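S.K.: What follows is a predicted protein model with its sequence.
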Amino acid sequence: MLKETLYKATEAGAAVLKEYFNGTFTISNKEGLNNLVTEADFKSEQAIIAVIRGQFPDHQILSEEEGTLVQESEYKWIIDPIDGTINFANGIPICCVSIAVEQNGEMLMGVVYNPFMQEFFFAEKGKGATLNDKPIGVSQKDNLLTSCLVTGFPYTYLDAPNGPLDIFPKLIRKGIPVRRLGSAAIDLCWVAAGRFDGFYEHKLQAWDSAAGFLILEEAGGKVTDFKGNRYSPYQPHICATNGKIHDALLAVVNGGEL
Ligand code: IPD
Ligand code: CA
Ligand code: CA
Ligand code: CA
């Protein structure tokens, strides 16, 4: 029933994305000039929460726009109603619905669905990860210098010591391709599918990463904080790779030279 509800909630959110994409919708600012939220973010969130509440009225919910709906429950739904809002607002079809289900503090299931590419990523703890129902796995590349990476840039924190503006030039000066898709959830899933070899980003929120974290781990990847500890979506910085380039990428994000 959990999985069925997760799928239904994801479809309900995705239907809103499809309805509004390239149409007219209101856009407002959160903090900062380009930190946007659209009417579709709110509508997607409402549709997702309605499905979950209909089936599991007592479960906890943590959702980007709505915040925390606190209940005493071992289950928590972590929702990003649109990950990649700026892409969405600009008609760029790299955005998704991301929903994770946590049980007693451990990720149990996660979905990342980009309805514009018709890519539905799913994982359940201990059961592997799939893309459109087919098993996926990470790449086998073991040399950072020949890897294809992806990252994202936060709105603040750019000038922190050894922050994003220190790390990025080190990589691109070596000619390493570093992409920036604009959706952390999709970044993680594309590492899971072997399209990228690694991903790092500062200052993510739990709803950006919770589902993608489980999907990547279940695809055989390694996901840690910048100290190398197993990742928790409740802390900000993420290093996520195929496992083979993990130590090399961690060294760079920690100030090392290439
Ligand atoms: C954003 C995306 C982006 C990341 C930002 C997030 P949103 O989420 O995941 O890739 O760089 O830090 O805030 O706002 O589009 O849901
Ligand atoms: Ca946002
Ligand atoms: Ca997000
Ligand atoms: Ca969002």
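M.R.: Received, thanks. Ligands and ions are numbered 1, 2, ... in the order given.
S.K.: can I see the domain layout of this structure?
M.R.: Segmentation of the chain into domains, based on automatic domain parsing, reads 2-135, 144-253.
S.K.: Please identify the most buried of the ones you listed.
M.R.: Mean neighbour counts were compared across these using mean count of other Cβ atoms under 10 Å; the top stretch is domain 144-253, at a mean of 20. C-betas here are computed from N, CA, C, even on glycine.
S.K.: With mean pLDDT as new columns, can the domains of the chain be given to me in a markdown table?
M.R.: As requested, those are exported to a markdown table (pLDDT from 0 to 100):
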| stretch | mean pLDDT |
| --- | --- |
| domain 2-135 | 96 |
| domain 144-253 | 97 |
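S.K.: TSV for these, including distance to ligand 1?
M.R.: Output for the domains of the chain, formatted as TSV (distance: least, Cβ to the nearest ligand atom, whole Å):
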stretch	distance to ligand 1
domain 2-135	4
domain 144-253	3
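S.K.: Tell me which of those sits nearest to ligand 4.
M.R.: domain 2-135 (4.5 Å; Cβ to the ion).
S.K.: Could you look up the SS state of Asp142?
M.R.: Each residue gets one of three states, and Asp142 gets coil by DSSP: H, G, I helix; E, B strand; the rest coil.
S.K.: Now it: closest residue in space, sequence neighbours ignored.
M.R.: Distances taken as Cβ to Cβ, 6 or more residues apart in numbering place Lys244 nearest to Asp142, at 3.9 Å, with adjacent residues excluded.
S.K.: residue contacts, the one you found?
M.R.: 140-142, 197 (Cβ atoms under 8 Å, 6 or more residues apart in numbering).
S.K.: Please identify which of those is nearest to Ile61.
M.R.: Asp197 (33.9 Å; Cβ to Cβ).
S.K.: Tell me who's in contact with the nearest residue to the closest one once chain neighbours are set aside.
M.R.: The spatially closest residue to Asp197, leaving aside those adjacent along the chain, is Ser147, at 3.8 Å (Cβ to Cβ, 6+ apart). Ser147 sits next to 141, 176, 197-198, 245, 249 when contact means Cβ under 8 Å, 6+ apart.
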